[in-house]
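>>> Need coordinates for the below:
(one chain, ligands or ions: 1)
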Amino acid sequence: MKRKLLTSALVFFAVINLQAQNPIIKHIFTADPSPIVYKDTVFLYTGHDTASVTATNYKMPDWHVFSSTDMVNWKDYGALLSPSTFSWATGDAYAAQCIFRNGKFYWFVSTFHKNDENSKGGAAIGVAVSDSPTGPFKDAIGKALVINEMTKDKPHAWDDIDPTVFVDDDNQGYLFWGNGSCKWVKLKENMIELDGPITVLNPLHYIEGPWVYKRKDLYYLVYASAGTKPEMIEYCTATKPTGPWTYRGIIQDNVPNSFTTHPGIVDYKGKSYFFYHNGVLPTGGSYRRSICVDYMYYNADGTIKKIVQTTKGVAAVK
Ligand code: FUB
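All right, here's what the predicted structure looks like:
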């Protein structure tokens, strides 16, 4: 009888555990998800929150890489990149995105520039490169790709954060980024040089965290938005990556227990997935965030259905 009870209890807890996938990473605090699919595997590039429970700002020492082939079990490859990889950088490891092109993995990161002969500090975007999705990664340029000068008028110059990179079907690469306004510029084929002028966009309610991609004939600019409230996720669409962008609305409401959230979108084995972060792990919060994933659905006209945030998460892909 005792044995039967124990077995039932174990089955019960196994079922509960299987049903509660979110957050998908529970052994460390992670933020700013960036997924890609490479050779049948999802690789997830993340920020890493290490601030104390009482902290009132970020402490983000490095970026991690995870992988999964079923969207439920995630392998942690550890901290594969940090601002110290870039001789010109200092400070936190903010949002980043890794993409595959021409046989290499380019990891575009936002961090902060040292006060030196090239910059007086402030946010900056760098690029790391590797032959493998899990590194080793090295600085691809030896200097920042985008620098936001810190000046007396702009003592907190952190406009140039949160890169997202998109390569169109005609092989033209684009870099979008920014806090406060969304900027974009063409990238040269080598992925490490800007190719033309920077254009500034002001999508409705835009704050930060852009994620740009194409689905069928439509281009999507998904971003973290805010007014006086914590961030939500809103989006625009366009028929060209250069715009004009049409505002389409809110796709995700505020997330529990975190002021920020951040979109990361991928299609894998026939389904669309929406990654984001919240602050729901025990002792979690705005500076101790956790990445979750839920399904994403589109209407027939390409508009995105409202994301339903769940603790159950997504089912294991067979
Ligand atoms: O994680 C640090 C910053 O918070 C990111 O760069 C923003 O997108 C927000 O998530």
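>>> secondary structure class for Lys240?
Assigned by DSSP: H, G, I helix; E, B strand; the rest coil, the conformation of Lys240 is coil.
>>> Distance of it relative to the ligand?
Using Cβ to the nearest ligand atom, to the nearest Å, one gets 25 Å for the distance from Lys240 to the ligand. The way it works is simple: take the backbone N, C-alpha and C, and place the C-beta from them, glycine included.
>>> For Leu187, see how far away that residue is.
Lys240 sits at a distance of 16 Å from Leu187 (criterion: Cβ to Cβ, to the nearest Å).
>>> between the two, who's got more neighbours?
When neighbours are counted by other Cβ atoms under 10 Å, Leu187 comes out ahead of the other of Lys240 and Leu187, with 24 against 9.
>>> Any buried residues in stretch 142-153, and which?
When neighbours are counted by 16 or more other Cβ atoms under 10 Å, the buried residues of stretch 142-153 are found to be 144-148, 150.
>>> same thing with stretch 48-66?
Buried residues in stretch 48-66, counting neighbours by 16+ other Cβ under 10 Å, are found at 48-49, 51, 58-60, 62-66.
>>> So which residues make contact with it?
25, 28-31, 43-47, 74-83, 92-94, 96, 98, 107, 109, 133-135, 283, 285, 287-289 (Cβ atoms under 8 Å, 6 or more residues apart in numbering).
>>> per-residue confidence at the closest residue to Thr90 other than its chain neighbours?
By the measure of Cβ to Cβ, 6 or more residues apart in numbering, the closest residue to Thr90 outside its immediate chain neighbours is Lys114, 4.8 Å from it. In this model, Lys114 is scored at 95, pLDDT.
>>> What is the neighbour count of Lys114?
Under the criterion other Cβ under 10 Å, the count of neighbours that Lys114 has is 18.
>>> Distance of it relative to the ligand?
From Lys114 across to the ligand, the span is 19 Å (Cβ to the nearest ligand atom).
>>> isn't that residue right next to Ala89, touching?
Yes. Counting by Cβ atoms under 8 Å, Lys114 touches Ala89, with 6.8 Å between them.
>>> Can you give me the neighbour number for the residue nearest to Ser225 when sequence neighbours are not counted?
The spatially closest residue to Ser225, leaving aside those adjacent along the chain, is His205, at 3.7 Å (Cβ to Cβ, 6+ apart). The local packing count at His205 equals 16, with neighbours defined by other Cβ under 10 Å.
>>> For His205, list the residues it contacts.
With contacts taken as Cβ under 8 Å, 6+ apart, His205 has the following neighbours: 225-227, 232, 234.
>>> Among those residues, which ones are in strands?
Among those, the members found in strands (DSSP state E) are 225, 232, 234.
>>> Just give the nearest non-adjacent residue to the last one, would you?
This points to Glu234. Counting by Cβ to Cβ, 6+ apart, Glu234 lies nearest to Ser225, which is 4.2 Å off, once chain neighbours are set aside.
>>> gap between the one you found and Asp168?
If you go by Cβ to Cβ, the gap between Ser225 and Asp168 works out to 25 Å.
>>> Give me the more crowded residue out of those two.
Taking other Cβ under 10 Å, Ser225 and Asp168 do not tie; Ser225 has more neighbours (22 against 15).
>>> Correct me if wrong: the more buried one contacts Pro210.
No. In this structure, Ser225 sits apart from Pro210 without contact. The criterion is Cβ under 8 Å, and the distance is 10.6 Å.
>>> What strand or helix carries the closest residue to Gly135 other than its chain neighbours?
Sequence neighbours aside, Leu80 is the residue nearest to Gly135 in space, at 4.4 Å (criterion: Cβ to Cβ, 6+ apart). Element membership of Leu80 [criterion: DSSP states H and E] is strand 75-81.
>>> Please save the CA atoms from that strand in PDB.
Output in PDB follows, covering the C-alpha atoms of strand 75-81 (Å, rounded to 0.1, in the frame of the first residue of the first chain):
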ATOM      1  CA  LYS A  75      21.500  22.300 -22.000                       C
ATOM      2  CA  ASP A  76      23.600  25.100 -20.500                       C
ATOM      3  CA  TYR A  77      27.000  25.500 -22.300                       C
ATOM      4  CA  GLY A  78      27.900  28.100 -19.700                       C
ATOM      5  CA  ALA A  79      29.100  31.700 -20.000                       C
ATOM      6  CA  LEU A  80      30.600  31.700 -23.500                       C
ATOM      7  CA  LEU A  81      31.000  35.400 -23.900                       C
END
